[in-house]
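Participant: Fold the following.
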Amino acid sequence: MKSDTIAAIATAVADAGIGVIRISGPEAFVVADRIFKPKNGSARVSEMESHTVHYGYIADGEETIDEVLLLVMRAPATYTREDVVEIDCHGGTVVMRRLLDVVLANGARPAEPGEFTKRAFLNGRIDLSQAEAVIDVINAKSDLALRSSVSQLKGSVLARIREIRAEILHALAFLEAALDDPEHYSLDGTQAELKEQIEGAKEEVHRLLLTADNGKILKEGINTVIVGKPNVGKSTLLNTLIGEERAIVTEIAGTTRDILSEQIRIGGLTLHVIDTAGIRSTEDTIEKLGVERALEHMEQADLVICMVDSSDELDENDEEILRAIRDKRAIVLRNKTDLETKTTEEDLRKKTDQPVLSVSAKEKQGMDELEDLITSMFIDGKISFNDEVYITNARQKTALAEADQSLQNVLDSIENGMPEDFWTIDIMSAYEELGAVIGESVEDDLVDAVFRDFCMGK
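Facilitator: Numbering: from 1, shown residues only. Below you'll find the predicted structure:
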C-alpha cells in the first residue's frame with residue numbers, strides 16, 4: 001500500500017460558495033506548515049490539537065493566495081486513519097486549482113480517483129461493502145436509494161456477512177479438527193448437526209440474494225415504457241407524470257414518431273420513463289421505424305405501462321399490444337375516463353391478466369392510484385432499513401451467488417455420502433466468497449476496479 005501524502009479538490013470544480021482541498025498521509029501536517037499562515041499567533045499546524053479549526057491564509061512564498069479555514073485531524077480518528085488536513089477556501093475554480101498546485105508543490109502528490117476511500121478500506125476503517133456504499137450515496141437517484149446506501153455505509157451488509165461467516169467457520173473448524181485428529185474428535189452422529197448448520201447459513205445467503213432485485217431497483221431505478229396505439233394519451237401521461245409539457249400533444253394520431261425519455265420520482269423510486277411512438281400497422285416509413293423502436297424498448301423494460309382509450313372500442317392494434325405484454329411486468333391504463341365510455345374495465349380484464357387501472361391523464365385523475373400500484377409492484381411491503389439489508393451491488397450479488405452454490409454443493413456431498421474432504425473444500429469456498437463481499441479475501445486488481453469509478457477527492 002502506498003504511504004505517501006495525497007491531495008485533491010474534494011468538492012466540485014465549479015464556482016461555488018466554498019471549496020475544499022483535502023490532504024491525507026504522513027506528511028499532511030508538514031505540507032500544511034509550509035503554506036498555512038495563522039491569522040492570530042504563530043502555532044504550527046503540526047502542533048495544533050486534533051479536530052480543531054483555524055483561521056488564516058494560504059501563501060505561496062510571499063504571495064497570499066486565499067483566506068481560509070484549516071481543519072486539523074490526527075490519525076487514527078480520521079476518514080483515512082491517516083493524518084488529514086482540509087482547507088476550506090473560496091469556491092472559485094481558479095482559486096481552488098491554484099491552492100491545489102501550492103499543496104502539490106510542497107510535498108503532496110495528486111490523489112487518484114477514490115484513493116481517500118481506498119485508504120480508508122486498506123487501513124481497516126471500513127469494509128469493501130461500505131466503500132461501495134460511499135459512491136452509491138453520492139450517486140443516489142432517489143430517497144430510497146439514499147437510505148439503502150446509508151444503511152450499508154453504517155455496516156448493515158458487513159454485520160450480516162460476518163454473522164454468516166461465523167456460522168460457517170464454526171462448522172469448518174470442527175470438521176477440520178475431526179479430520180486431523182480423529183482419535184479425539186469424531187464425526188459419528190454429528191452429520192445431521194453439520195447439515196443443519198450449513199442449511200441455516202445457506203438460508204441466510206439466499207435471503208440476501210432475494211433482496212438483489214429490489215436492491216437493483218432502489219439503486220438504478222425502473223426502466224419504464226409507455227406503449228399503446230396512436231392517440232391513446234401516452235404523451236399526455238408523460239407530461240402529467242413529470243409535471244410539465246415536454247411531449248407534443250395533439251388530436252392527430254401518430255404525432256410521436258421518436259422516443260422521448262424522462263426521469264421521474266414515484267413513491268421514493270426513480271422511473272426512467274420512455275414515451276414511444278403509437279403502435280399500429282402502418283405503411284409510413286418513418287412511423288414504422290418508431291413502432292419498431294417502441295417494440296424494442298418494450299422488450300427491455302422493467303415495467304410496461306400499456307394505455308387504452310376508454311372512449312373508443314378495442315381493435316386489433318390494442319389486442320396485439322395486450323398479447324405482447326402478457327409475460328411482462330405491466331399495468332394496463334384505461335385512459336380518457338372523463339369522456340363517454342366505450343371500453344370498460346371488464347372488457348379489458350377479459351383480454352389480459354395484468355392489473356387494470358382507470359385514469360384520465362388529461363384531468364390528472366387516478367395518478368395517486370398509479371403511483372401506489374407501481375410502488376407495490378416493485379417493493380414487497382414497506383421498505384425498512386433498520387433490520388433489512390438490500391444487496392444493490394452486482395459484484396456483491398455475484399459473490400453471494402457463488403457462496404450459495406458452494407453451500408449447496410456441501411449439502412449435496414452430505415446427501416450423496418461423499419468423503420468429508422469434499423465438504424471442507426466447498427465450505428471453505430463459501431467462506432471465501434462471503435469474504436469477497438466485504439473485502440476480506442479479494443485480489444488487489446479487484447480493489448483497484450472498485451475504486452476506479454469514484455470521483456476525484458473521495
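
Participant: all strands for the protein, in order.
Facilitator: 6-9, 18-24, 36-38, 52-60, 63-73, 84-90, 109-110, 222-227, 260-266, 269-275, 303-309, 330-335, 356-358 (DSSP state E).

Participant: rank those strands by pLDDT, which is bottom?
Facilitator: Across these, strand 260-266 has the smallest mean pLDDT, namely a mean of 78.

Participant: List the buried residues of it.
Facilitator: Buried residues in strand 260-266, counted by 16 or more other Cβ atoms under 10 Å: Leu260, Glu262, Ile264, Arg265, Ile266. For glycine as for every other residue, the C-beta is placed from the backbone atoms N, C-alpha and C.

Participant: and the last one, what are its bridge partners?
Facilitator: For Ile266, the beta-bridge assignment (DSSP bridges) gives partners Leu269.

Participant: Next, work out how far apart it and Thr80 are.
Facilitator: Distance, Ile266 to Thr80, by Cβ to Cβ, to the nearest Å: 38 Å.

Participant: picking that back up, nearest to Phe174, of the strands of the chain?
Facilitator: Closest to Phe174 of those, according to Cβ to Cβ: strand 18-24, at 43.6 Å.

Participant: Would you map the helices across the stretch 1-150 of the chain?
Facilitator: Assigned by DSSP state H, counting those that start in this stretch, the stretch 1-150 of the chain shows helices spanning 28-35, 93-105, 115-122, 128-139, 143-153.

Participant: Of the ones you listed, which shows the lowest average pLDDT?
Facilitator: helix 143-153 (a mean of 76).

Participant: Tell me where the longest helix sits in the protein.
Facilitator: As assigned by DSSP state H, the longest helix anywhere in the chain is helix 156-180.

Participant: Same question for it: list its buried residues.
Facilitator: 156-158, 160-162, 164-165, 168, 171-172, 174-175, 178.

Participant: So for it, mean pLDDT?
Facilitator: 83.

Participant: name the helices or strands packed onto it?
Facilitator: helix 128-139, helix 191-210, helix 420-438 (3 or more Cβ pairs under 8 Å, 6 or more residues apart in numbering; DSSP states H and E).

Participant: Try it again at 10 Å.
Facilitator: helix 128-139, helix 143-153, helix 191-210, helix 394-415, helix 420-438 (3 or more Cβ pairs under 10 Å, 6 or more residues apart in numbering; DSSP states H and E).

Participant: tilt between the last one and helix 191-210?
Facilitator: Just to be clear, that refers to helix 420-438. If you take axes from the mean of the first three to the mean of the last three Cα atoms, to 10 degrees, helix 420-438 sits at 30 degrees to helix 191-210.

Participant: Phe422 and Val410: what is the separation?
Facilitator: When Phe422 is compared with Val410 (using Cβ to Cβ), they lie 8 Å apart.

Participant: Next: Val20.
Facilitator: 50 Å.

Participant: Comparing those two, which shows the higher neighbour count?
Facilitator: Val410 (29 against 18; other Cβ atoms under 10 Å).

Participant: For that one, which non-adjacent residue is spatially closest?
Facilitator: Leaving aside its sequence neighbours, Val410 sits nearest to Asp426 (Cβ to Cβ, 6 or more residues apart in numbering; 4.6 Å).

Participant: repeat for Asp143
Facilitator: Gly268 (4.6 Å).

Participant: before we move on, what about Lys141?
Facilitator: Closest to Lys141 by Cβ to Cβ, 6+ apart is Thr270, at 4.4 Å.

Participant: How about the contacts made by that neighbour?
Facilitator: Thr270 makes contact with 140-145, 217-222, 224, 263-264, according to Cβ atoms under 10 Å, 6 or more residues apart in numbering.

Participant: And it, how far from Thr276?
Facilitator: 19 Å.

Participant: Could the C-alpha coordinates of stretch 125-134 be exported in CSV?
Facilitator: In CSV, the C-alpha atoms belonging to stretch 125-134 read as follows (Å, rounded to 0.1, in the frame of the first residue of the first chain):
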residue,chain,number,x,y,z
ARG,A,125,-11.7,1.8,8.8
ILE,A,126,-14.4,0.5,6.5
ASP,A,127,-15.0,-2.8,4.7
LEU,A,128,-15.4,-3.1,0.9
SER,A,129,-19.2,-3.1,1.0
GLN,A,130,-19.1,0.2,3.0
ALA,A,131,-16.6,1.6,0.5
GLU,A,132,-19.0,0.8,-2.4
ALA,A,133,-21.8,2.4,-0.4
VAL,A,134,-19.9,5.7,-0.4
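
Participant: how about Phe36, what does it touch?
Facilitator: 29, 44-45, 48, 54, 56-59, 68, 70, 72, 85, 87.

Participant: That should have said Asp127, apologies.
Facilitator: 120-121, 133, 152, 155, 157-159, 161-162, 435, 437-440.

Participant: Per-residue pLDDT of it, please?
Facilitator: For Asp127, pLDDT reads 88.

Participant: I'd like the distance between it and Arg452.
Facilitator: 18 Å.

Participant: angle of the longest helix of the chain against helix 420-438?
Facilitator: Using the same axes, to 10 degrees: helix 156-180 against helix 420-438 is 160 degrees.

Participant: Specify the angle between helix 156-180 and helix 143-153 in degrees.
Facilitator: 40 degrees.

Participant: Any idea which residue is closest to the centre of the protein?
Facilitator: Lys219 (3.4 Å; Cα atoms, centre = their mean).

Participant: Now that it has come up, it's in contact with Tyr390, right?
Facilitator: Yes - if you go by Cβ atoms under 10 Å, Lys219 and Tyr390 touch, sitting 8.6 Å apart.

Participant: Distance of the residue nearest to Lys141 relative to Gln263?
Facilitator: 6 Å.

Participant: still on that earlier bit, does the residue nearest to Val410 really touch Glu420, like I thought?
Facilitator: No - look at Asp426 against Glu420 with Cβ under 10 Å: they stay out of range, at 11.2 Å.

Participant: So for the two, which residue has more residues nearby?
Facilitator: Asp426 (21 against 15).
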